[in-house]
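# Here's a sequence, model it:
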Amino acid sequence: MDPTPSEMPSGSPQAPTPPPQAPTPPPQAPTPPPQMPPQASQTPQPAWMQSLTSTAPVAGPAGLFYADLPNRIIAYIIDMILLAIVGVVIGAITGSFMPVVSFDLVNGFHYNYFAAIINAVIGAAVSAGYFIYTWTNMRGTVGMKVLGMQIGSEKDGSTLSMDQAIRRWLAVGGWITIVSALNPLPLVGLLIALVALGYVIYLLYTTAQSPTKQGFHDKFVGSMVVKAARSVA
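All right, here's what the predicted structure looks like:
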């Protein structure tokens, strides 16, 4: 039989006593993640508006940005030159292009009311047909296309409807052409010209001040003019 611990010789080595272990701390509950403040619900923007930027061309893939005022003015001047040429050609073909103001030594200056009305009607018809057709079929006038711009609905970028195009043409200045055609008095015509000048300045101001470059005429019909951005190195 093996000797018991009491029977073992005094000189025999004994197993070392293990050191006392520190008590195990109780498990702690996991720290909850920090709560973010609730955000106000926002209406998601259409895809074409999310890709827009208010700045000029930037590095990277080409995209779209809001068309600035100088580009839009240049495009409008191009369109006005084209309309003037078309108006002269139509007037020459139909024989309706007549001088509004004439002068002779006997009667002096003479204002031809009939010619003024006919020319204004032709001008209004050509202008309305040109802008409404190009906006609804080409997504932009010739001047816009030359400068890489296009026009569409501010909601989803779709092509303007016929109703939007007609109302936008009136808001851009078509009403001025119509009023001028119906006005038979030169002095009243001067007053209309002054009012028209103030209105054009108002359109330019509202366009320049808008962060999305939407003037009164754009806000009125829900349209937006954008320009293709060129990528730069």
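# Name the helix or strand of the protein that has the lowest mean pLDDT.
strand 52-53 (a mean of 51; mean pLDDT, DSSP states H and E).
# now for the helix or strand following that strand, which elements pack on it?
From strand 52-53 onward toward the C-terminus, using DSSP states H and E, the following helix or strand is strand 64-66. If contacts are counted by 3 or more CB pairs under 8 Å, 6 or more residues apart in numbering; DSSP states H and E, strand 64-66 sits against strand 52-53, strand 223-228. Bear in mind the C-beta positions are built from the backbone N, C-alpha and C, glycine included.
# Output the longest one as CSV - backbone C-alpha positions only.
Meaning strand 223-228. Output in CSV follows, covering the C-alpha atoms of strand 223-228 (Å, rounded to 0.1, in the frame of the first residue of the first chain):
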residue,chain,number,x,y,z
SER,A,223,-39.4,73.7,-65.7
MET,A,224,-35.7,73.6,-65.3
VAL,A,225,-32.8,74.3,-67.7
VAL,A,226,-29.6,72.3,-67.3
LYS,A,227,-26.3,72.2,-69.1
ALA,A,228,-24.0,69.3,-69.7
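# Okay, and residue 93 sits in which element?
Residue-wise, residue 93 maps onto helix 69-94 under DSSP H and E.
# Compute the inter-axis angle for that helix and strand 223-228.
110 degrees (axes from the mean of the first three to the mean of the last three CA atoms, to 10 degrees).
# buried stuff in stretch 135-148?
135-136, 139-141, 143-144, 147-148 (16 or more other CB atoms under 10 Å).
# Quick one: mark the members of those that sit in helices.
With helices defined by DSSP state H, the entries of the buried residues of stretch 135-148 inside them are 135-136, 143-144.
# pLDDT and distance to residue 63 added to those, as a markdown table?
Formatted as a markdown table, those follow (pLDDT from 0 to 100; distance: CB to CB, whole Å):
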| residue | pLDDT | distance to residue 63 |
| --- | --- | --- |
| 135 | 95 | 22 |
| 136 | 95 | 24 |
| 143 | 95 | 22 |
| 144 | 95 | 17 |
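# Which two of the residues you listed have the greatest separation?
136 and 143 (16.3 Å; CB to CB).
# one step back: include distance to residue 194 when you put the buried residues of stretch 135-148 into JSON lines, please.
Output for the buried residues of stretch 135-148, formatted as JSON lines (distance: CB to CB, whole Å):
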{"residue": "135", "distance to residue 194": "28"}
{"residue": "136", "distance to residue 194": "32"}
{"residue": "139", "distance to residue 194": "34"}
{"residue": "140", "distance to residue 194": "31"}
{"residue": "141", "distance to residue 194": "27"}
{"residue": "143", "distance to residue 194": "26"}
{"residue": "144", "distance to residue 194": "29"}
{"residue": "147", "distance to residue 194": "30"}
{"residue": "148", "distance to residue 194": "35"}
